[in-house]
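Participant: model the following, please.
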Amino acid sequence: MYFWYFLVTDVSIFDNLVAAPISRSWTIRVSRRPSGVLLDQSRIRIATDQGSGYSRTCFYVVISVHGISRLYAIAQIAAKGSSVAVFAFGTALFSSRRPRC
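Facilitator: Next up, the predicted model:
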């Protein structure tokens, strides 16, 4: 029975790691009003207007790049399949046990 709990925990962690459909994500704190955001392959640049000054309020920008690799897609399918297999294994294991009187 402890093996089943260990298996459920491992499969849940694996499923959580590969579940996100985002390949990269950046969080940027912006204190000036930007006039544009430039996204290269490896870095993010913010073009600011030289006339704008610092403001008291700042905001956070989350930039996410969608798209996954082929290996990542296979891992997602394996995670879903293992979740179904663990559920079926647990159902068969616990339904076949007879209650003790």
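
Participant: show me how this structure divides into domains.
Facilitator: If you go by automatic domain parsing, the domain ranges for the chain are 1-21+68-101, 22-67.

Participant: rank these by pLDDT, which is bottom?
Facilitator: Lowest mean pLDDT of the domains of the chain: domain 22-67, a mean of 69.

Participant: burial of V11, as a residue count?
Facilitator: By other Cβ atoms under 10 Å, the residues close to V11 number 19. To be clear about C-beta, it is placed using only N, CA and C from the backbone, and glycine gets the same treatment.

Participant: where's it, which helix or strand?
Facilitator: Following DSSP states H and E, the helix or strand that holds V11 is helix 2-18.

Participant: buried set for whichever helix or strand comes after that helix?
Facilitator: Helices and strands here follow DSSP H and E; after helix 2-18, the next one along the chain is strand 22-30. Buried residues in strand 22-30, counting neighbours by 16 or more other Cβ atoms under 10 Å, are absent.
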